[in-house]
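Participant: return atomic coordinates for the entry below.
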Amino acid sequence: GTTDFGSIDPLDEIAAVGAATGVWLHVDAAYGCGLLASRTRRHLLDGIERADSVTVDYHKSFFQPVSSSAVLVRDRRVLRRVTYHADYLNPARMVEQRIPNQVDKSLQTTRRFDALKLWLTLRVMGPDLLGDLFDEVVDRAAEAWELISEDPRFEVVTRSPLSTVVFRYLPTGPGRGLADAANLYAREALAASGAALVAGTTVDGRQFLKFTLLNPETTIDDVGHVVQLIAEHAGRYVHERSTAGLACRVG
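Facilitator: The predicted structure follows:
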């Protein structure tokens, strides 16, 4: 899925083109990979099994602490391209004795055992429960989209099949020209207050805000509270700027 909108490309169709032309197909599922464990939304990633390589970030939609990521390949032999030989790292005798070595698997010759986090989670919880948790955040995002789209103070972009909501505060009347600045101000004021952190992005050159929900314990009331805070900060900015501009014209 694309990072900003949580969009999902037609993987089967793209895979067919790649197979016909011999083009390597890489799927960036860093964020959308949680759908792989979903019992109700797994079909949204149909075709990903045809990819030559896939990126996944388990610290996103598999609820792991940072960092826990992987690049998966269809043919394990392609990983030999990152192998580097040095007598002090992976001498020939170690290869002959089949002693595992990170140099043969990664550009990082020294790293933490990050795979242990995911292994332990899967052993304790299992994939179905992880998928249920990801379904929770996707459902919550759908509720948030409904909440914001029905609020006349805001404008929302396309509805995402993942847990992303892209929106912005949209002033009415003469203040509409202050929309970009108002959303930037609201985001910064909200962070400075310590009440919440909201992501931001641009759509067609305009400033938008973004929720990417990844905590299944987040409630729609939590979302509504943050939305109200955004409206208050942005509304205050528009009011103060409009009042100041009017005073200058009168003066």
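Participant: quick one, what contacts Arg159?
Facilitator: 142, 145 (CB atoms under 8 Å, 6 or more residues apart in numbering). Bear in mind the C-beta positions are built from the backbone N, C-alpha and C, glycine included.
Participant: repeat that for Ser38.
Facilitator: 131-132, 134-135, 138.
Participant: one more pass at 6 Å, please.
Facilitator: 131, 134-135 (CB atoms under 6 Å, 6 or more residues apart in numbering).
Participant: so which of the residues you listed wins on neighbours?
Facilitator: Highest neighbour count within the contacts of Ser38: Phe134, with 26 neighbours (other CB atoms under 10 Å).
Participant: measure it to Phe5 for me?
Facilitator: As judged by CB to CB, to the nearest Å, Phe134 and Phe5 stand 17 Å apart.
Participant: try His225
Facilitator: 24 Å.
Participant: the more surrounded of those two?
Facilitator: Neighbours per residue (other CB under 10 Å) separate His225 from Phe5, with Phe5 holding more: 19 against 13.
Participant: confirm that that one sits in a strand.
Facilitator: No - Phe5 is assigned coil when assessed by DSSP: H, G, I helix; E, B strand; the rest coil, not a strand.
Participant: re the thing from before, restricted to helices, list the contacts of Ser38.
Facilitator: If you go by DSSP state H, the contacts of Ser38 have 131, 134-135 in helices.
Participant: Serialize those to CSV and add fields for distance to Pro216.
Facilitator: Formatted as CSV, these follow (distance: CB to CB, whole Å):
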residue, distance to Pro216
Gly131, 11
Phe134, 8
Asp135, 9
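Participant: which of those lies closest to Ala234?
Facilitator: Phe134 (30.8 Å; CB to CB).
Participant: tell me the mean pLDDT over stretch 179-189?
Facilitator: Stretch 179-189 shows an average pLDDT of 97 in the prediction.
Participant: likewise stretch 227-242?
Facilitator: For stretch 227-242, the mean confidence score works out to 94.
Participant: show me the contacts for Arg74.
Facilitator: Applying CB under 6 Å, 6+ apart, the residues near Arg74 are Asp52.
Participant: run the last query once more with 10 Å
Facilitator: For Arg74, the contacting residues are 24-25, 49-54, by CB atoms under 10 Å, 6 or more residues apart in numbering.
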